[in-house]
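Enquirer: What follows is a predicted structure for the sequence shown.
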Amino acid sequence: MNRFAELLDRLVLTPSRIGKLKLITDYFRVVEDPDRGLALAALTGELDIASVKPAMLRQLVSERMDPVLFGYSYDYVGDLAETVSLVWPQAPGSRPNHDITLAEVVHKLQSASRSDGPAVLARLLDQAGTSARFAIIKLVTGGLRIGVSARLAKQALADLGSVDVSEIEELWHGLAPPYANVFAWLEGTAPKPEKTVQALFRPVMLSNPIADGDLEKLAPADYAAEWKWDGIRVQAVSEGGIRRLYSRTGDNVSGAFPDVVAAMDFDGALDGELLVGVPREATGTFSDLQQRLNRKTVSARMQERYPAFVRCYDLLQFGGEDLRALPFTERRARLEVFIATLDPDRFDLSPLVAFDSWEQLEAMRKEPPHPIIEGVMLKRLDSCYLAGRPKGPWFKWKRDPHTVDAVLMYAQRGHGKRSSFYSDYTFGVWSGTEGAEELVPVGKAYFGFTDEELRQIDKFVRDNTIERFGPVRSVRADRANGLVLEVAFEGLNRSTRHKSGVAMRFPRISRLRWDKPPAEADRIETLQALLD
């Protein structure tokens, strides 16, 4: 257990991707089964411990120390697992058990009932040192927050066996912890696991953003252009009667979209954009799509109000034939024929955008024919469908973001390496008539600034706090005092949940306006005009 705890500690303190990859790969190389497989499951979010929830953890702590003191401690530290691991009192007569393994900890937690779970967790924490307690709590809360994505963990696994990460991803949904057969294959002591599960996820092909000077090196005649729709990238896979709808990261989202799954009466794999609305009539906003995202089930009323469909970009497999090695033009021709056989209320074809020059395409990019379009995609005509983000075949050329000057209103501590800083910011714009104006919140952002700017904002928050609401600080924000933030965002939706009536899409801090008086920040009418 201590080796897993050490891995988490070092991952938290290692900022570089290469450094994290080496740490995980080295761990896989020296740690034996099943501990390394369970660590892989934890890093990829595949480890399920149902007997303990974060609320139970808070209850256990409140039984051992003053709740107000714990609240202050949590506010100062900023991370639940780190706070509990530091304040957890050593039980009388107990001492750390350095010999307990990760497998033993997981077995005890997974075999405990919901009623026994808190007691089992408490005994484990009593027997653990500070670092091991931190690791145990991270396991039971599920969110590691150590800067490691599931794909990064799979890449480390691929590096262990010197194979392409796409080989890991194509097998992934047919595998189960602790992955002993995978480690044996990668170490050369067993054959590659066979695909025994149907309708598996295929690693997606991603695009690179257009950078300065890129277009000068590209010939318009070599590329096709499509609109970039503001939904979520999905893969609709149906094989042998098994139907699954995957997100771009390989998560199975079928439960939230049974209307789409029911229409997947084919044998193949489609790549496309999941949208809400009715093809050829109306396409809803991303806010409409969010009404159905992250749900295990949806009611008939929800399906009727927010019908979903897939706007198809690519055909990856048809029947038993893998089409990914074919050029884009051929896959596109096959897709056009295939789409005609599907339910037109659930699947339609992403249209190509005809253009002769980059200047012509840029004009169309800036004024797209639909508000749900966020730019254009460029796909080289001879490009195969390659996993990952290869440089050259596909580009995304998004619309320039909108910007607004807003006033910082609230701040909250971040997590992980930002737990000592106020790095999550809520900002607002002015509303009301002259003399009775007030700030109304319009968004929240936690990135877009440099480390130096983070320190500057953190100091401003600490120096200008006027109220505290648990971990949240309210800062001085009136017409004479406050910090103006230039906020960039991709889009805007109407919202009944926010007092301002608007919700931003992908807001981030683009500039600190120390030079601008708060009274000169934008008004809500500016955002309302964008909606109109």
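Expert: Structure's in. What do you need?
Enquirer: Now do stretch 175-185: everything it contacts.
Expert: Residues outside stretch 175-185 that contact it (C-beta atoms under 8 Å, 6 or more residues apart in numbering): 28, 33-38, 40-41, 46-47, 103, 157, 160-161, 168, 171, 190-193. Bear in mind the C-beta positions are built from the backbone N, C-alpha and C, glycine included.
Enquirer: hmm, 6 Å instead?
Expert: 33, 34, 37, 38, 40, 41, 190, 192, 193 (C-beta atoms under 6 Å, 6 or more residues apart in numbering).
Enquirer: who are the neighbours in contact with the fifth one?
Expert: Spelled out, that is residue 40. Here residue 40 is in contact with residue 179 (criterion: C-beta under 6 Å, 6+ apart).
Enquirer: The second one too?
Expert: Listed by C-beta under 6 Å, 6+ apart, the contact set of residue 34 reads 103, 178.
Enquirer: 8 Å instead?
Expert: Contacts of residue 34 (C-beta under 8 Å, 6+ apart): 103, 177, 178, 180.
Enquirer: sorry, back to before: ok, of the contacts of stretch 175-185, which one's closest to residue 213?
Expert: The closest of those to residue 213 turns out to be residue 40 (C-beta to C-beta; 40.3 Å).
Enquirer: if you average pLDDT over the helix or strand where that closest one lies, what comes out?
Expert: Taking DSSP states H and E as the criterion, residue 40 maps to helix 35-43. The predicted model gives helix 35-43 an average pLDDT of 94.
Enquirer: How far does it sit from its chain's centre?
Expert: Computed by C-alpha atoms, centre = their mean, to the nearest Å, the chain-centroid distance of helix 35-43 equals 20 Å.
Enquirer: need the next SSE after it, C-terminal direction.
Expert: Next helix or strand after helix 35-43 toward the C-terminus (DSSP H and E): helix 54-62.
Enquirer: May I see the buried residues of that following helix?
Expert: Under the neighbour-count criterion of 16 or more other C-beta atoms under 10 Å, helix 54-62 has 56, 57, 58, 60, 61 buried.
Enquirer: and if you look at stretch 73-87?
Expert: Buried positions in stretch 73-87, judged by neighbour count with 16+ other C-beta under 10 Å: 73-75, 77-85, 87.
Enquirer: Would you mind measuring the gap between the ends of that stretch?
Expert: Taking C-alpha to C-alpha, to the nearest Å, stretch 73-87 runs 8 Å from one end to the other.
Enquirer: what does it rub up against?
Expert: Stretch 73-87 is contacted by residues 54, 57-58, 61, 65, 70, 125, 130-131, 133-134, 137-138, 141, 145, 413-416, 418-420, 468, 470-471 when judged by C-beta under 8 Å, 6+ apart.
Enquirer: Need the three-state assignment for residue 412.
Expert: Classification of residue 412 by DSSP: H, G, I helix; E, B strand; the rest coil places it in strand.
Enquirer: I figured it hits residue 472, correct?
Expert: Yes. The criterion here is C-beta atoms under 8 Å, and residue 412 meets it with residue 472 at 4.9 Å.
Enquirer: For those two, indicate the residue with more neighbours.
Expert: Per other C-beta atoms under 10 Å, whichever of residue 412 and residue 472 has more neighbours is residue 412, with 20 against 15.
Enquirer: residues contacting the nearest residue to the more buried one once chain neighbours are set aside?
Expert: In this structure, residue 412 finds its nearest non-sequential neighbour in residue 424, 4.3 Å apart by C-beta to C-beta, 6 or more residues apart in numbering. Each residue near residue 424 by C-beta under 8 Å, 6+ apart is listed here: 411, 412, 413, 414, 444, 445, 446.
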